[in-house]
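Peer 1: What follows is a predicted protein model with its sequence.
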Amino acid sequence: MNTITTFCTECERQVEATIEAVRETIDVRGCAVTDDFEYAVCPYCENRIPEPVLVDRNFAKMYGAYREARGIPQPDEIVALRRRYGFSQRVFAAVLGVGVASVQRYEGGALPSESHAELLRRARDPRFLRERLRDGALRLSAQERERALRAVDQQATSRMDYAVVRLDLLDCLPRGVAPETGMRALDADRLREVVVYFAAHVGNLFVTKLNKVLFYLDFSAYRDEGVGFTGLRYARADYGPVPDQYDLVMAALVDGKALTYREQGDGRVVVAHRGADLSAFSPQEASRLDAVAAFANGFSSCAELSACAHEEEAWRKTPSGALIDYGLARDLRAPGL
Ligand SMILES: [Zn+2]
(Lines give C-alpha, C1' and ligand atoms only; values in the text may rest on other atoms or scores of the structure.)
Protein backbone atom coordinates (compact mmCIF):
# COMPACT_ATOMS: atom_id res chain seq x y z
CA MET A 1 0.00 0.00 0.00
CA ASN A 2 1.30 3.46 -0.87
CA THR A 3 1.83 5.81 2.00
CA ILE A 4 3.20 9.30 2.41
CA THR A 5 4.69 10.98 5.46
CA THR A 6 2.78 14.19 6.02
CA PHE A 7 1.25 16.42 8.70
CA CYS A 8 -2.38 15.99 9.75
CA THR A 9 -3.77 19.32 10.93
CA GLU A 10 -6.67 17.53 12.70
CA CYS A 11 -4.44 15.26 14.78
CA GLU A 12 -1.71 17.94 14.88
CA ARG A 13 1.09 15.49 14.27
CA GLN A 14 3.13 13.85 11.58
CA VAL A 15 1.40 10.73 10.25
CA GLU A 16 2.01 7.98 7.73
CA ALA A 17 -0.98 8.72 5.50
CA THR A 18 -2.38 6.11 3.13
CA ILE A 19 -2.73 7.13 -0.50
CA GLU A 20 -6.15 6.03 -1.72
CA ALA A 21 -7.31 6.16 -5.32
CA VAL A 22 -11.02 6.96 -5.53
CA ARG A 23 -13.05 6.76 -8.73
CA GLU A 24 -14.99 10.02 -8.78
CA THR A 25 -16.90 12.26 -11.09
CA ILE A 26 -16.00 15.89 -10.54
CA ASP A 27 -17.60 18.92 -12.13
CA VAL A 28 -15.05 21.16 -13.85
CA ARG A 29 -16.77 24.30 -15.15
CA GLY A 30 -19.86 22.36 -16.11
CA CYS A 31 -17.90 19.45 -17.59
CA ALA A 32 -18.19 16.11 -15.71
CA VAL A 33 -14.78 14.48 -15.37
CA THR A 34 -14.56 10.86 -14.20
CA ASP A 35 -11.16 9.52 -13.16
CA ASP A 36 -9.25 7.90 -10.32
CA PHE A 37 -8.27 10.73 -7.99
CA GLU A 38 -5.72 10.19 -5.25
CA TYR A 39 -6.03 11.33 -1.66
CA ALA A 40 -3.82 11.08 1.40
CA VAL A 41 -5.96 9.71 4.24
CA CYS A 42 -4.93 10.07 7.89
CA PRO A 43 -4.86 6.62 9.59
CA TYR A 44 -6.10 8.09 12.88
CA CYS A 45 -8.87 10.58 12.08
CA GLU A 46 -9.49 9.32 8.50
CA ASN A 47 -9.61 12.88 7.18
CA ARG A 48 -8.29 13.66 3.73
CA ILE A 49 -5.05 15.64 4.02
CA PRO A 50 -4.52 18.20 1.21
CA GLU A 51 -1.10 16.91 0.15
CA PRO A 52 0.26 19.34 -2.50
CA VAL A 53 1.73 16.66 -4.79
CA LEU A 54 -1.57 14.77 -4.90
CA VAL A 55 -3.68 17.91 -5.18
CA ASP A 56 -1.58 19.04 -8.17
CA ARG A 57 -1.90 15.64 -9.79
CA ASN A 58 -5.68 15.61 -9.30
CA PHE A 59 -6.00 19.08 -10.80
CA ALA A 60 -3.82 18.08 -13.75
CA LYS A 61 -6.21 15.14 -14.40
CA MET A 62 -9.30 17.32 -14.10
CA TYR A 63 -7.92 20.09 -16.28
CA GLY A 64 -6.50 17.66 -18.83
CA ALA A 65 -9.87 15.94 -19.24
CA TYR A 66 -11.65 19.30 -19.39
CA ARG A 67 -9.33 20.56 -22.14
CA GLU A 68 -9.74 17.30 -24.04
CA ALA A 69 -13.55 17.53 -23.82
CA ARG A 70 -13.56 21.16 -24.93
CA GLY A 71 -10.87 20.80 -27.59
CA ILE A 72 -8.55 23.21 -25.82
CA PRO A 73 -4.82 22.65 -26.49
CA GLN A 74 -3.00 20.94 -23.60
CA PRO A 75 0.00 22.73 -22.04
CA ASP A 76 2.57 20.70 -24.02
CA GLU A 77 0.67 21.36 -27.20
CA ILE A 78 0.72 25.11 -26.54
CA VAL A 79 4.49 24.97 -26.02
CA ALA A 80 4.97 22.83 -29.14
CA LEU A 81 2.72 25.12 -31.18
CA ARG A 82 4.60 28.24 -30.08
CA ARG A 83 8.02 26.67 -30.70
CA ARG A 84 7.05 25.52 -34.16
CA TYR A 85 7.04 29.16 -35.16
CA GLY A 86 10.11 30.01 -33.09
CA PHE A 87 7.99 32.41 -30.99
CA SER A 88 9.06 33.45 -27.51
CA GLN A 89 6.24 33.58 -24.95
CA ARG A 90 6.25 37.38 -25.37
CA VAL A 91 5.86 37.23 -29.16
CA PHE A 92 3.21 34.50 -28.98
CA ALA A 93 1.27 36.55 -26.40
CA ALA A 94 1.46 39.62 -28.64
CA VAL A 95 0.22 37.65 -31.66
CA LEU A 96 -2.77 36.35 -29.69
CA GLY A 97 -3.34 39.72 -28.03
CA VAL A 98 -3.13 38.33 -24.47
CA GLY A 99 -0.74 39.10 -21.62
CA VAL A 100 2.54 37.23 -21.48
CA ALA A 101 1.63 36.08 -17.95
CA SER A 102 -1.42 34.33 -19.41
CA VAL A 103 0.70 32.38 -21.89
CA GLN A 104 3.06 31.42 -19.06
CA ARG A 105 0.14 30.24 -16.93
CA TYR A 106 -1.45 28.17 -19.70
CA GLU A 107 1.85 26.54 -20.57
CA GLY A 108 2.21 25.77 -16.87
CA GLY A 109 -1.15 24.00 -16.74
CA ALA A 110 -3.67 26.70 -15.74
CA LEU A 111 -7.11 26.60 -17.36
CA PRO A 112 -7.71 29.43 -19.83
CA SER A 113 -10.82 31.62 -19.73
CA GLU A 114 -13.47 30.90 -22.40
CA SER A 115 -12.25 33.69 -24.71
CA HIS A 116 -8.60 32.69 -24.33
CA ALA A 117 -9.50 29.03 -24.86
CA GLU A 118 -11.01 29.99 -28.21
CA LEU A 119 -7.84 31.91 -29.17
CA LEU A 120 -5.68 28.89 -28.30
CA ARG A 121 -7.89 26.54 -30.31
CA ARG A 122 -7.69 28.79 -33.33
CA ALA A 123 -3.93 29.23 -32.90
CA ARG A 124 -3.57 25.67 -34.24
CA ASP A 125 -4.33 27.09 -37.66
CA PRO A 126 -1.44 29.13 -39.14
CA ARG A 127 -3.96 31.09 -41.25
CA PHE A 128 -5.50 32.46 -38.07
CA LEU A 129 -2.08 33.55 -36.78
CA ARG A 130 -1.37 35.26 -40.11
CA GLU A 131 -4.66 37.14 -39.81
CA ARG A 132 -3.73 38.29 -36.30
CA LEU A 133 -0.29 39.41 -37.47
CA ARG A 134 -1.72 41.39 -40.38
CA ASP A 135 -4.45 43.09 -38.38
CA GLY A 136 -3.05 43.44 -34.90
CA ALA A 137 -0.12 42.33 -32.80
CA LEU A 138 0.60 46.01 -32.13
CA ARG A 139 3.06 45.21 -29.38
CA LEU A 140 5.50 43.76 -31.92
CA SER A 141 8.11 45.82 -33.75
CA ALA A 142 7.92 45.91 -37.56
CA GLN A 143 10.88 43.58 -37.71
CA GLU A 144 9.38 41.10 -35.25
CA ARG A 145 6.11 41.10 -37.15
CA GLU A 146 7.95 40.50 -40.43
CA ARG A 147 9.85 37.55 -38.98
CA ALA A 148 6.71 36.09 -37.38
CA LEU A 149 4.80 36.36 -40.66
CA ARG A 150 7.55 34.51 -42.49
CA ALA A 151 7.45 31.67 -39.93
CA VAL A 152 3.66 31.45 -40.12
CA ASP A 153 3.59 31.55 -43.94
CA GLN A 154 6.07 28.73 -44.08
CA GLN A 155 3.82 26.53 -41.92
CA ALA A 156 0.65 27.57 -43.73
CA THR A 157 1.99 26.39 -47.07
CA SER A 158 3.52 23.14 -45.80
CA ARG A 159 1.62 19.85 -45.89
CA MET A 160 1.85 19.82 -42.13
CA ASP A 161 -1.22 21.88 -41.36
CA TYR A 162 -1.73 21.01 -37.74
CA ALA A 163 -5.52 21.21 -37.72
CA VAL A 164 -5.76 19.08 -40.84
CA VAL A 165 -3.35 16.53 -39.46
CA ARG A 166 -5.37 16.14 -36.29
CA LEU A 167 -8.61 15.69 -38.18
CA ASP A 168 -7.41 13.22 -40.74
CA LEU A 169 -4.91 11.52 -38.48
CA LEU A 170 -2.99 9.07 -40.58
CA ASP A 171 -5.47 8.90 -43.44
CA CYS A 172 -3.10 10.46 -45.93
CA LEU A 173 -0.42 7.82 -45.48
CA PRO A 174 -0.42 4.85 -47.85
CA ARG A 175 -2.29 2.01 -46.18
CA GLY A 176 -1.97 -0.74 -48.72
CA VAL A 177 -0.06 -3.98 -48.45
CA ALA A 178 3.01 -3.39 -50.58
CA PRO A 179 6.74 -4.16 -50.59
CA GLU A 180 7.52 -0.64 -49.30
CA THR A 181 5.13 -1.05 -46.31
CA GLY A 182 6.75 -4.35 -45.37
CA MET A 183 3.72 -6.23 -46.75
CA ARG A 184 1.54 -4.94 -43.91
CA ALA A 185 -1.35 -2.47 -43.99
CA LEU A 186 -0.78 0.49 -41.69
CA ASP A 187 -3.11 0.42 -38.70
CA ALA A 188 -3.13 3.67 -36.70
CA ASP A 189 -4.30 2.04 -33.43
CA ARG A 190 -1.65 -0.65 -33.61
CA LEU A 191 1.04 1.94 -34.34
CA ARG A 192 -0.13 4.06 -31.43
CA GLU A 193 0.15 1.14 -28.98
CA VAL A 194 3.64 0.39 -30.29
CA VAL A 195 4.72 3.99 -29.64
CA VAL A 196 3.02 4.05 -26.22
CA TYR A 197 4.87 0.84 -25.37
CA PHE A 198 8.26 2.22 -26.42
CA ALA A 199 7.63 5.53 -24.66
CA ALA A 200 7.15 3.56 -21.44
CA HIS A 201 9.99 1.08 -21.95
CA VAL A 202 12.82 2.88 -23.75
CA GLY A 203 14.83 5.39 -21.72
CA ASN A 204 14.95 8.98 -22.99
CA LEU A 205 12.88 8.28 -26.07
CA PHE A 206 13.77 11.35 -28.09
CA VAL A 207 11.78 11.77 -31.30
CA THR A 208 15.04 11.19 -33.18
CA LYS A 209 15.58 7.95 -31.26
CA LEU A 210 12.05 6.64 -31.79
CA ASN A 211 12.51 6.65 -35.56
CA LYS A 212 15.41 4.22 -35.27
CA VAL A 213 13.59 2.06 -32.72
CA LEU A 214 10.63 1.77 -35.11
CA PHE A 215 12.98 0.95 -37.97
CA TYR A 216 14.55 -1.91 -36.02
CA LEU A 217 11.14 -3.18 -34.98
CA ASP A 218 9.82 -3.25 -38.54
CA PHE A 219 12.94 -4.52 -40.24
CA SER A 220 13.68 -7.27 -37.70
CA ALA A 221 10.04 -8.42 -37.98
CA TYR A 222 10.29 -8.46 -41.77
CA ARG A 223 13.58 -10.34 -41.68
CA ASP A 224 12.13 -13.02 -39.38
CA GLU A 225 8.49 -13.20 -40.46
CA GLY A 226 8.42 -11.75 -43.96
CA VAL A 227 5.97 -9.10 -42.71
CA GLY A 228 6.78 -5.77 -41.06
CA PHE A 229 5.36 -4.82 -37.69
CA THR A 230 3.60 -1.48 -38.23
CA GLY A 231 3.10 -0.96 -41.97
CA LEU A 232 5.18 2.22 -41.94
CA ARG A 233 7.31 3.11 -44.92
CA TYR A 234 10.90 4.22 -44.26
CA ALA A 235 13.05 6.70 -46.12
CA ARG A 236 16.75 7.44 -45.95
CA ALA A 237 17.41 10.70 -44.13
CA ASP A 238 20.93 12.01 -43.54
CA TYR A 239 20.71 11.10 -39.87
CA GLY A 240 19.38 7.57 -40.36
CA PRO A 241 16.40 5.56 -41.53
CA VAL A 242 13.20 7.42 -40.69
CA PRO A 243 9.48 6.68 -41.17
CA ASP A 244 8.27 8.42 -44.32
CA GLN A 245 6.44 11.67 -43.44
CA TYR A 246 7.63 11.21 -39.86
CA ASP A 247 6.53 14.69 -38.72
CA LEU A 248 3.03 13.92 -39.82
CA VAL A 249 3.05 10.51 -38.15
CA MET A 250 4.16 12.06 -34.87
CA ALA A 251 1.69 14.93 -35.08
CA ALA A 252 -1.06 12.36 -35.50
CA LEU A 253 0.10 10.11 -32.68
CA VAL A 254 1.07 12.63 -30.03
CA ASP A 255 -2.44 13.57 -29.03
CA GLY A 256 -1.73 15.30 -25.73
CA LYS A 257 -3.51 12.49 -23.90
CA ALA A 258 -1.93 9.05 -24.29
CA LEU A 259 1.27 10.60 -25.62
CA THR A 260 2.85 14.00 -25.06
CA TYR A 261 6.23 15.60 -25.55
CA ARG A 262 8.59 16.75 -22.85
CA GLU A 263 11.23 19.28 -23.83
CA GLN A 264 14.62 17.95 -22.79
CA GLY A 265 17.95 19.50 -23.73
CA ASP A 266 17.82 20.28 -27.42
CA GLY A 267 15.10 17.82 -28.22
CA ARG A 268 11.68 16.43 -27.43
CA VAL A 269 11.13 13.20 -25.54
CA VAL A 270 7.98 11.17 -26.19
CA VAL A 271 6.15 10.47 -22.93
CA ALA A 272 3.37 7.88 -22.39
CA HIS A 273 0.57 8.64 -19.93
CA ARG A 274 -0.91 5.15 -19.84
CA GLY A 275 0.27 1.60 -20.32
CA ALA A 276 0.18 0.11 -23.81
CA ASP A 277 -2.77 -2.12 -24.67
CA LEU A 278 -0.99 -5.23 -25.87
CA SER A 279 -4.17 -7.25 -26.44
CA ALA A 280 -3.89 -6.67 -30.18
CA PHE A 281 -0.48 -8.33 -30.28
CA SER A 282 0.41 -12.03 -30.27
CA PRO A 283 2.77 -13.26 -27.52
CA GLN A 284 5.46 -13.46 -30.20
CA GLU A 285 4.85 -9.83 -31.20
CA ALA A 286 4.89 -8.72 -27.57
CA SER A 287 8.25 -10.39 -27.06
CA ARG A 288 9.60 -8.65 -30.16
CA LEU A 289 8.55 -5.28 -28.71
CA ASP A 290 10.36 -6.28 -25.55
CA ALA A 291 13.50 -7.34 -27.45
CA VAL A 292 13.64 -4.12 -29.48
CA ALA A 293 13.22 -2.01 -26.31
CA ALA A 294 16.06 -3.96 -24.66
CA PHE A 295 18.17 -3.52 -27.79
CA ALA A 296 17.61 0.26 -27.75
CA ASN A 297 18.33 0.46 -24.02
CA GLY A 298 21.63 -1.32 -24.63
CA PHE A 299 23.08 1.83 -26.19
CA SER A 300 24.45 4.43 -23.82
CA SER A 301 23.40 7.34 -26.05
CA CYS A 302 21.24 8.28 -29.02
CA ALA A 303 24.45 8.90 -30.96
CA GLU A 304 25.54 5.27 -30.47
CA LEU A 305 22.21 3.93 -31.69
CA SER A 306 22.47 6.34 -34.62
CA ALA A 307 25.95 5.05 -35.45
CA CYS A 308 24.58 1.50 -35.40
CA ALA A 309 21.80 2.44 -37.85
CA HIS A 310 24.39 4.01 -40.15
CA GLU A 311 26.09 0.64 -40.44
CA GLU A 312 22.93 -0.95 -41.83
CA GLU A 313 22.87 -1.91 -45.49
CA ALA A 314 19.26 -0.73 -45.56
CA TRP A 315 20.51 2.80 -44.97
CA ARG A 316 23.82 2.63 -46.86
CA LYS A 317 22.37 1.19 -50.06
CA THR A 318 19.45 3.62 -50.27
CA PRO A 319 19.89 6.98 -52.03
CA SER A 320 19.21 10.06 -49.91
CA GLY A 321 15.48 10.74 -49.57
CA ALA A 322 14.44 7.49 -51.26
CA LEU A 323 12.21 4.84 -49.68
CA ILE A 324 14.09 1.95 -48.12
CA ASP A 325 13.46 -1.51 -49.57
CA TYR A 326 12.28 -3.91 -46.83
CA GLY A 327 14.16 -6.62 -48.75
CA LEU A 328 17.38 -5.15 -47.32
CA ALA A 329 16.21 -6.39 -43.89
CA ARG A 330 17.90 -9.73 -44.64
CA ASP A 331 21.26 -7.98 -44.06
CA LEU A 332 20.21 -6.41 -40.75
CA ARG A 333 23.24 -6.28 -38.47
CA ALA A 334 21.50 -5.13 -35.26
CA PRO A 335 23.50 -7.04 -32.64
CA GLY A 336 21.28 -9.34 -30.63
CA LEU A 337 18.04 -8.58 -32.44
ZN1 LIG B 1 -5.54 12.89 11.50
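Peer 2: Sure, I can see it.

Peer 1: Quick one: residues contacting the closest residue to the ion within the stretch 51-200 of the chain.
Peer 2: In the stretch 51-200 of the chain, no residue comes nearer to the ion than residue 51, which is 12.6 Å away by CB to the ion. Bear in mind the C-beta positions are built from the backbone N, C-alpha and C, glycine included. Residue 51 is in contact with 4, 6, 17, 39-40, counting by CB atoms under 8 Å, 6 or more residues apart in numbering.

Peer 1: Quick one: name the residues of the stretch 1-150 of the chain near the ion.
Peer 2: Neighbours of the ion within the stretch 1-150 of the chain, by CB under 5 Å from the ion: 8, 10-11, 42, 44-45.

Peer 1: cutoff 6 Å now
Peer 2: 8, 10-11, 15, 42, 44-45, 47 (CB under 6 Å from the ion).

Peer 1: out of those residues, which are inside helices?
Peer 2: Among those, no member is found in helices (DSSP state H).

Peer 1: what about burial for these, which qualify?
Peer 2: 8, 15, 42 (16 or more other CB atoms under 10 Å).

Peer 1: okay, those residues in JSON lines with pLDDT next?
Peer 2: Converted to JSON lines, these look like this (pLDDT from 0 to 100):
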{"residue": "8", "pLDDT": "93"}
{"residue": "15", "pLDDT": "95"}
{"residue": "42", "pLDDT": "95"}
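
Peer 1: any idea which residue sits dead centre in the chain?
Peer 2: Centroid-nearest residue in the chain: residue 260, 2.9 Å away (criterion: CA atoms, centre = their mean).

Peer 1: hey, what's it bridged with?
Peer 2: residue 271 (DSSP bridges).

Peer 1: does it really touch residue 268, like I thought?
Peer 2: No: counting by CB atoms under 8 Å, residue 268 is not a contact partner of residue 260; they are 9.5 Å apart.

Peer 1: buried residues in the strand of greatest length in the chain?
Peer 2: The longest strand of the chain (DSSP state E) is strand 13-28. Buried residues in strand 13-28, defined by neighbour count with 16+ other CB under 10 Å: 15, 17, 28.

Peer 1: List just the nearest of the residues you listed to the ion.
Peer 2: residue 15 (5.9 Å).

Peer 1: show me what contacts that closest one?
Peer 2: Contacts of residue 15 (CB under 8 Å, 6+ apart): 5-8, 42-44, 49.

Peer 1: Under a three-state scheme, what state does the spatially closest residue to residue 318 that is not a sequence neighbour occupy?
Peer 2: Closest residue in space to residue 318, ignoring its immediate chain neighbours: residue 236 at 4.1 Å, by CB to CB, 6 or more residues apart in numbering. Classification of residue 236 by DSSP: H, G, I helix; E, B strand; the rest coil places it in strand.

Peer 1: For residue 236, list the residues it contacts.
Peer 2: Applying CB under 8 Å, 6+ apart, the residues near residue 236 are 242, 315, 318-322, 324.

Peer 1: at 7 Å what do you get?
Peer 2: Residue 236 makes contacts with 315, 318-322, 324, as judged by CB atoms under 7 Å, 6 or more residues apart in numbering.
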